[in-house]
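Asker: Please work out how this folds:
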Amino acid sequence: MKKILVLSDSHGKLNPMFLAVEAASPDLMIHLGDCWEDAGRLKAKFPQIPMERVPGNCDYSNEQAVRIIEVEGKQLLICHGHTFNVKMGYLNLELKSEELGVDAALFGHTHRAYYEYHNGILFFNPGSIGSPPFETPASYGILEIDGSTDTLRYDVRFL
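Answerer: Coordinates of the predicted model:
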């Protein structure tokens, strides 16, 4: 079983990310963009924990904005969400996820937590760890993938 810490939209706020890592004790960290450099600083503080990351709309990076990674036999699409215009709806992300045959699509950009299964695919946004909407606490996601039982569990946690 793998426990994955899913973070997005840190926007220069490092301490909430550090607290999330300490609370979750993850096997893997995924940073979904805004800010690319924050993810690098997080990796430097916790070098023993593997990290995957993608750039967001506020990042100046030539790295791939949309990637697919495999964890415990599950295909995860990771992106910030701006390339699919998720602030206007999830249809573009849903269509691409179905086309690619992924098990889950992880995204940020809206700063609001969201999770729903649609056509057998988990769509999961952990919200913002660094810049949550007005009067909303910072949030992060936990994904647990158990390849031996083919299960994927998710949770949003608030600081």
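Asker: Once you drop chain neighbours, what's closest to residue 140?
Answerer: residue 20 (4.4 Å; Cβ to Cβ, 6 or more residues apart in numbering). All C-beta atoms are positioned from the backbone trio N, CA, C, and that covers glycine.
Asker: where in the protein is pLDDT low?
Answerer: Within the chain, no range satisfies pLDDT under 70.
Asker: State the distance from the closest residue to residue 90 other than its chain neighbours to residue 54.
Answerer: Leaving aside its chain neighbours, residue 90 sits nearest to residue 123 (6.2 Å; criterion: Cβ to Cβ, 6+ apart). As defined by Cβ to Cβ, to the nearest Å, residue 123 lies at a distance of 16 Å from residue 54.
Asker: With residue 122 instead?
Answerer: Residue 122 is 17 Å from residue 54, where distance means Cβ to Cβ.
Asker: Please identify which of the two sits among more neighbours.
Answerer: The residue with more neighbours, out of residue 122 and residue 54 and counting by other Cβ atoms under 10 Å, is residue 54; that gives 28 against 20.
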